[in-house]
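Q: Got a sequence here, can you build the structure:
(one chain, ligands or ions: 2)
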Amino acid sequence: MRHETNASTSIPQVDRRAGITLREFRKDYLYTGKPVVITGAIESWPARSRWTLEYFRTRYADTKMTICRLGGDRYQPSDTEVTTLSTFIERVRTNSFETYPYYVRDDWQIFLTHKELLSDYEVPKYFFDWFAFLPGFMRLMYPRIFIGPKGAITPLHLDIWGTHAWLAQLVGRKRWILFPPDQKEFLYDCNVQPQNPDLERFPLFRKTRPLECTIGPGDLIFVPGGWAHEVISLDATISITHNYMGPGCFTPSLVGAVRQQILGRLRRRPS
Ligand SMILES: O=C(O)CCC(=O)C(=O)O
Ligand SMILES: [Fe+2]
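A: Ligands and ions are numbered 1, 2, ... in the order given. Here you go, the predicted structure:
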C-alpha cells in the first residue's frame, strides 16, 4: 500500500525552489494553489543571523510570554501560562516536548512591545497582501512568532479564514504534512492524526494523498489557503509567519474578516 501508515518515505515532497522569480512563483504555485518551499529568499534579513535562542534568552530575558500547553490532541485557549522568555528558553533548550509540552504559538504581542524586532525581517516579494486595502481594524495581526522545544506539535488544522500563509524558518527544523483542499472530506474536520491515524474511526483517511517537507533555517514555506497541515518541530525552533489574502482565497478571507467585524459588534452591543 502506498501510504497505509503515512510512512514518511512514501509521501511525495513539496517542491523546493531556489532563486525563483515572482513570475514563476505566481505561475507555478500561487495561481495553481500549490505549496512550495523557497530557499535563499531571506538571506538578507537581519533575523537570519540575529534570531537565535540565545539572543531571545538574553536580550529579552524579562519579557513576559504566553505559552500554550498541548493537553491531549489540541491546544485549549484556557490552557496557557505566562512566563519570562529567559525561563521559557532555558526549558526549551533542556527539554523536549514530552517533558515540557509548551509552545509559544502565534504570538504577535512581542512585536508590539519590542518594535525593533520588526526591522529584522521584511515580507518577501512573493506575498503581496490584499488585506492592505482594508482598514486596519479588519486585518489580521502579524507577524506572529513561534518558539518551541524539539517535538513541539501543531495539530492538523486549516488556517484562519481560508487565508494563504508564509512561514520563515530561522532556528531548527520543522516537518510539515499538507493535504490539498479537495481531500478535506477525508480528514474528519481535522480530527485525524496524520502521524498515527486511527483508521477504524477515520477509514477515509486512507484515500488522502498528502505532500510533505522538512524545512530548516533559511527556508520559506508557502501554504495556500485551504490546505490542512500538521507541523512537528524536529529540533528546538523559531519561526515567523504571516497569513495573508491573495488570489485564490479572496472570498473566504473577506467573508471571514467581515463576519468577525459583525460578531465583534454584536458582542459589544449593550443588551
Ligand atoms: O509552525 C507551526 O507550528 C505551525 C504554523 C502554522 O501552521 C500556522 O501558523 O498556522
Ligand atoms: Fe497553519
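
Q: Could you identify the longest strand within this protein?
A: Taking residue count as the measure and DSSP state E as the definition, the longest strand of the chain comes out as strand 74-84.

Q: Tell me how many other residues surround the residue of the stretch 51-200 of the chain found nearest ligand 1.
A: Per Cβ to the nearest ligand atom, Thr154 is where the stretch 51-200 of the chain lies closest to ligand 1, at 3.4 Å. Placement of C-beta: from N, CA and C, glycine included. Thr154 has 20 neighbouring residues, counting by other Cβ atoms under 10 Å.

Q: before we move on, back to that, what's the longest strand of the chain in contact with?
A: 61-69, 71, 102-103, 105, 155 (Cβ atoms under 8 Å, 6 or more residues apart in numbering).

Q: for the stretch 151-271 of the chain, what are the low-confidence residue spans?
A: Scanning the stretch 151-271 of the chain for pLDDT under 70 picks out 269-271.

Q: near ligand 1, which residues of it?
A: By the criterion of Cβ under 6 Å from any ligand atom, the positions of the stretch 151-271 of the chain lying close to ligand 1 are 154, 159, 165, 167, 174, 229, 231, 239, 241.

Q: Assign the third one to helix, strand or coil.
A: Here Ala165 is strand, with the state taken from DSSP: H, G, I helix; E, B strand; the rest coil.

Q: follow-up on the earlier one: against which helices or strands is the next helix or strand after the longest strand of the chain packed?
A: Proceeding N to C from strand 74-84, the next assigned helix or strand is helix 85-94, under DSSP states H and E. Contacts of helix 85-94 with other secondary structure elements, assessed using 3 or more Cβ pairs under 8 Å, 6 or more residues apart in numbering; DSSP states H and E, are made with helix 53-59, strand 64-71, strand 102-107, strand 144-148.

Q: hmm, who's touching helix 85-94?
A: By Cβ under 8 Å, 6+ apart, the list of residues contacting helix 85-94 from outside reads 53, 56-58, 60-65, 67, 100, 102, 104, 147-149, 236.

Q: same thing but 10 Å
A: By Cβ atoms under 10 Å, 6 or more residues apart in numbering, the residues outside helix 85-94 that reach it are 52-65, 67, 81-84, 99-100, 102-104, 110, 147-150, 152, 172, 233, 236-238.

Q: Would you mind getting the angle between it and strand 64-71?
A: Here helix 85-94 points in a direction 40 degrees away from that of strand 64-71 (axes from the mean of the first three to the mean of the last three Cα atoms, to 10 degrees).

Q: tally of neighbours for the residue nearest to Asp106 when sequence neighbours are not counted?
A: Beyond its immediate neighbours in the sequence, the residue positioned closest to Asp106 (Cβ to Cβ, 6 or more residues apart in numbering) is Arg144, lying 4.6 Å away. Other residues near Arg144 number 21, with proximity taken as other Cβ under 10 Å.

Q: Likewise for Met141?
A: Residues within reach of Met141, counting by other Cβ under 10 Å, total 13.

Q: Contact partners for it?
A: The contact partners of Met141, by Cβ under 10 Å, 6+ apart, come to 106-109, 111-112, 242-243.

Q: In TSV, list those along with distance to Ile20.
A: Putting these into TSV (distance: Cβ to Cβ, whole Å) gives the following:
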residue	distance to Ile20
Asp106	27
Asp107	29
Trp108	28
Gln109	33
Phe111	27
Leu112	33
His242	18
Asn243	21
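
Q: between those, which is nearest Glu200?
A: Taking Cβ to Cβ as the measure, Asp106 is the one of the contacts of Met141 closest to Glu200, at 32.8 Å.

Q: quick one, what contacts the closest one?
A: Contacts of Asp106 were listed using Cβ under 10 Å, 6+ apart, and they are 66, 68, 75, 141-142, 144-146, 154, 160, 241, 243.

Q: related to what we said a few turns ago, compare the contacts of Met141 and tell me which has the most neighbours.
A: Taking other Cβ under 10 Å to define a neighbour, the member of the contacts of Met141 with the most is Asn243, carrying 26 neighbours.

Q: on that earlier part again, the longest strand of the chain - which strands sit beside it in the sheet, and in what orientation?
A: According to DSSP bridges, the neighbouring strands of strand 74-84, each with its direction, are strand 64-71 (antiparallel).
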